[in-house]
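[1] I'll drop the sequence and a predicted model, then ask my questions.
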Amino acid sequence: MKSNKITFLVVIILLGITAYFIYTKKAGTIRTELRDFAVQDTASITKIFIADRKGYKTTLERTAEKKWTVNGKYTALPKAVNILLETIKKVEVRSPVGKAAYNSVIKDLGTDGTKVEIYAGEKNIKTYYVGQPTQDMLGTFMFIENSTTPCVTHIPGFNGFLSTRFTAKPDDWKSKIILAYNDAALKEITVVDPKDSVKSFKVKKTENDFQLFSSPASTVATDIFKSKIAAYINHFIKLPYEYEETLIKKDLKDSILSTTPYKTLEVLNVNGKMDKIIFYRKPPVQGYAYIK
């Protein structure tokens, strides 16, 4: 009787081992650590390096103030960084790439893939390559460093692909906010029209409120509705630009900068720091009519 019980127990153990190997074979032969693209603790991430085959490179770094910078020079767009961090946290493997598509996917990743390096402090905790969307546009080909098989990844519940979230173009990550002030931080706003002094003015904070002066040198405030001044001040809470002009030729740029500015804007904060922006008129585009 005792011998039968031992035999039965051994059979159960063997069946369990067999079932385990059958399950893992069906689930995929890639080791877990080689298909684990996600970083759950995104708060520990201090730097993300992204580079593509076209030569674009972007380094996103978290500052001591818990803000992000682009290539150490520009303020990062918070929304874009948050979407990237969410993607890094939630990305999962949907399936390994099958044998039939293996060569094609590997080739595409090698010629058009985007490299992503994720750091916690100085330590590189994850490196992988992001490729193109799958044919159904619901998955993204990705390949983790030191793996032997690329995978189809996705975010459960999200109907789309992830490639565009890993753009290497620095301009895609830059915040387009030129100025960001609140009422408490503003001290003076001066606008100078070099060609027409009548159009120059100054808005200055007094003891109780902001007042308008008809010229930068004037000491007598102009009588105007407070609501109009408040509406003007609101423009400086977040003053964005539309896009960066990167196609303009150097000789044309030098020609524009040699002209008399259209307007000059100076914004002085309560701590004595000044932001200055010089405006120039855009050159006419052939085929368009302009009103002066």
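    Thanks, I have the structure now.

[2] Partner strands of the longest strand belonging to the chain, with direction?
    If you go by DSSP state E, the chain has its longest strand at strand 123-133. In the sheet, strand 123-133 lines up against strand 114-120 (antiparallel), strand 140-144 (antiparallel) (DSSP bridges).

[3] tell me which residues in stretch 45-57 are buried?
    Buried residues in stretch 45-57, counted by 16 or more other C-beta atoms under 10 Å: 45-52. Placement of C-beta: from N, CA and C, glycine included.

[4] Let me have those in JSON lines, extended by pLDDT, secondary structure and distance to Ser163.
    Formatted as JSON lines, the buried residues of stretch 45-57 follow (pLDDT from 0 to 100; DSSP: H, G, I helix; E, B strand; the rest coil; distance: C-beta to C-beta, whole Å):
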{"residue": "Ile45", "pLDDT": "97", "secondary structure": "coil", "distance to Ser163": "20"}
{"residue": "Thr46", "pLDDT": "97", "secondary structure": "coil", "distance to Ser163": "24"}
{"residue": "Lys47", "pLDDT": "98", "secondary structure": "strand", "distance to Ser163": "21"}
{"residue": "Ile48", "pLDDT": "98", "secondary structure": "strand", "distance to Ser163": "16"}
{"residue": "Phe49", "pLDDT": "98", "secondary structure": "strand", "distance to Ser163": "17"}
{"residue": "Ile50", "pLDDT": "98", "secondary structure": "strand", "distance to Ser163": "12"}
{"residue": "Ala51", "pLDDT": "98", "secondary structure": "strand", "distance to Ser163": "14"}
{"residue": "Asp52", "pLDDT": "96", "secondary structure": "coil", "distance to Ser163": "10"}
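
[5] Out of those, which is nearest to Lys205?
    For those, the closest approach to Lys205 (C-beta to C-beta) belongs to Thr46, at 38.6 Å.

[6] Next one, pLDDT for the residue nearest to the closest one when sequence neighbours are not counted please.
    Nearest residue to Thr46, sequence neighbours excluded (C-beta to C-beta, 6 or more residues apart in numbering): Arg62, at 5.0 Å. Here, the pLDDT recorded for Arg62 equals 97.

[7] swap in Glu245?
    Looking at Glu245, its pLDDT stands at 75.

[8] Next, it: secondary structure please.
    coil (DSSP: H, G, I helix; E, B strand; the rest coil).
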